[in-house]
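Asks: Let's see this in three dimensions:
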Amino acid sequence: MQVIQTPEDKLQSLGLVLPEVRPAVGNYVGCVRVGNLLFTAGQGVDQYHGKLGKDLSVEEGYAASRQSMLNLLAVVQHELGSLNKVKKVVKLLGFVNCTEDFTDQPKVINGASDLLVAVFGERGKHARSAVGMAQLPGGTAIEIEMILEIEDEKGN
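Replies: This is a model prediction of the structure:
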């Protein structure tokens, strides 16, 4: 009999731990449910600040993107009780704080996308936009938001 790993098991096998949910820095909530969709607020990172293309490398941006996704998954787990209730990652929107000539936003946001596929498998494959920004709140290098399909109240 094959043992099916939960997303939390997969995170643990990757040596990753979800952080504490970061407090909101404005008048908003971390996520909103609409039917069987969950919309998250954007999550930046505390560990990486500055602009890609000036202060940070693509590799550091990738790591920042991965950390942003861990922050998002913490919000989702807090809301749902278990990441196993995620049926499908639908869409990511990744913002990259970068210089105007920086064009590797997709490579940076791959940190988040690669993590989702590692944790959720096929359910983690998603549509995505990766855009460059002149500035992000608090000087964070990355901010990402996502839309998820989740189980309804009856577990469907």
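
Asks: in this protein, which spans are strands?
Replies: For the chain, strands defined by DSSP state E occupy the ranges 31-34, 37-40, 86-97, 127-133, 142-150.

Asks: Could you export those strands to CSV, including columns for mean neighbour count and distance to residue 49?
Replies: Where you see a C-beta, it was placed from the backbone N, CA and C, and this is true even at glycine. As requested, the strands of the chain are exported to CSV (neighbours: other CB atoms under 10 Å; distance: least, CB to CB, whole Å):
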stretch, mean neighbour count, distance to residue 49
strand 31-34, 13, 24
strand 37-40, 18, 21
strand 86-97, 21, 8
strand 127-133, 15, 14
strand 142-150, 23, 10
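
Asks: Reformat those as a markdown table; add distance to residue 58 and mean pLDDT.
Replies: Shown next, in a markdown table, are those (distance: least, CB to CB, whole Å; pLDDT from 0 to 100):
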| stretch | distance to residue 58 | mean pLDDT |
| --- | --- | --- |
| strand 31-34 | 29 | 96 |
| strand 37-40 | 24 | 98 |
| strand 86-97 | 10 | 98 |
| strand 127-133 | 12 | 98 |
| strand 142-150 | 12 | 98 |
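
Asks: hang on, residue 128 packs against residue 110?
Replies: No: assessed by CB atoms under 8 Å, residue 128 is found out of contact with residue 110, at 9.3 Å.

Asks: residues touching the residue nearest the centre of the chain, list them.
Replies: With distances taken as CA atoms, centre = their mean, the residue of the chain nearest its centroid is residue 69 (2.6 Å). By CB atoms under 8 Å, 6 or more residues apart in numbering, the contact set of residue 69 is 111, 112, 115, 116, 144.

Asks: ditto for residue 9
Replies: Counting by CB under 8 Å, 6+ apart, residue 9 has no contacts.

Asks: Please tell me how far it sits from residue 19.
Replies: 18 Å (CB to CB, to the nearest Å).

Asks: which residues touch the residue nearest to residue 139 when sequence neighbours are not counted?
Replies: Nearest residue to residue 139, sequence neighbours excluded (CB to CB, 6 or more residues apart in numbering): residue 49, at 4.5 Å. Contacts for residue 49 (CB under 8 Å, 6+ apart) come out as 55, 138, 139, 140, 141.

Asks: Local confidence estimate at residue 49?
Replies: Looking at residue 49, its pLDDT stands at 98.
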